[in-house]
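Novice: No sequence on hand, only this structure:
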Ligand SMILES: Nc1nc2c(ncn2[C@@H]2O[C@H](COP(=O)(O)OP(=O)(O)OP(=O)(O)O)[C@@H](O)[C@H]2O)c(=O)[nH]1
């Protein structure tokens, strides 16, 4: 299934599939803006398909080159709003970004000059796995430079060099990059562990070990300095965060975050892409130097 989600309509049919019968689903986006419309339209289209055709093994959503993956990822990242009915069956596995080895470096350089965080950098920052594709077309030196630039933007995503995007699927599917979310589906999940800036739920999550730090960073745009002083930076943006907090008691909590939405869960699965082995917080975004 493929969606051209920047078009005015969403097409969730498969043109190649001769068995596809009349499965065309064209959905008008209310205002043509993906980030504002897909929350309802995209989920609705997938739900409709699932009702008619049963659950899918995987749904691969390919955005066009200019998409900002943050809002899309946070929408598919299961939260309370989406955890009823069919929506319960959809969860976000991970975000994969394909960087063109021939032009990626130039694109990143240009995008650094656009408010320091142009689209290519946002896409890399929000990714859990990166494919550096077309490596047959450039020198090893250029590859190394491009990899270094990618790594600076996103130190936690593994980078795979590919030709024709050829890669073993184990690296890009079932990667569980948003692990912890599955716990939302069982009865022991405590509500309000997954919050965003619009939620009036800060009081509920204050037991969370890292909450104070996150509140400052994600919502107040203050760099925590360790003392009472707070370094306010309105242009500070966290696009993606992951981390492992180890309490003195030995309890471990995993942090997952997309933009200003985050979740803390007790560690169950260690085998998660991008989660450090020992206590560490990885913040990917803008204005975070020296934080
Ligand atoms: N030499 C070489 N060519 C490639 C490789 N991958 C894709 N191509 C070719 O590059 C051309 C453009 O393909 P892409 O860059 O993948 O284009 P696309 O995916 O439509 O681009 P988007 O609009 O960004 O999605 C096609 O002719 C591909 O066959 C590669 O690894 N090596």
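Specialist: Sure, I can see it. Since this is a predicted model, take the numbers as computed values, not measurements. Numbering: from 1, shown residues only.

Novice: Flag the shaky bits of the chain, pLDDT-wise.
Specialist: 1-44, 77-88, 114-116, 180-235, 260, 269-275, 289-291 (pLDDT under 70).

Novice: Residues of it that sit close to the ligand?
Specialist: Taking CB under 6 Å from any ligand atom as the criterion, the neighbours of the ligand within the chain are 65, 133-134, 136-137, 163-164. Any C-beta I mention is one placed from the backbone N, CA and C, and that applies to glycine too.

Novice: Please produce a ChimeraX select command covering the buried subset of those.
Specialist: For the buried members of the residues of the chain next to the ligand, the matching ChimeraX selection, counting by 16 or more other CB atoms under 10 Å, is:
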select :133,134
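
Novice: can you tell me which two in the residues of the chain next to the ligand are farthest apart?
Specialist: Based on CB to CB, the longest span within those runs between 65 and 136 and measures 21.1 Å.

Novice: ok, which stretches of the stretch 101-250 of the chain are strands?
Specialist: Along the stretch 101-250 of the chain, counting by DSSP state E, counting those that start in this stretch, strands occupy 129-133, 159-162, 194-195, 222-224, 230-232, 237-246.

Novice: Surely residue 281 is in contact with residue 241?
Specialist: Yes - distance between residue 281 and residue 241: 6.9 Å, which falls inside the contact criterion (CB atoms under 8 Å).

Novice: Mind checking which of the two has more residues around it?
Specialist: In terms of neighbours (other CB atoms under 10 Å), residue 241 is the more surrounded of residue 281 and residue 241; the figures are 22 against 17.

Novice: so what's the more buried one up against?
Specialist: 214, 218, 255-257, 262, 281-285 (CB atoms under 8 Å, 6 or more residues apart in numbering).

Novice: Identify, from those residues, the entry nearest to the ligand.
Specialist: residue 284 (22.0 Å; CB to the nearest ligand atom).
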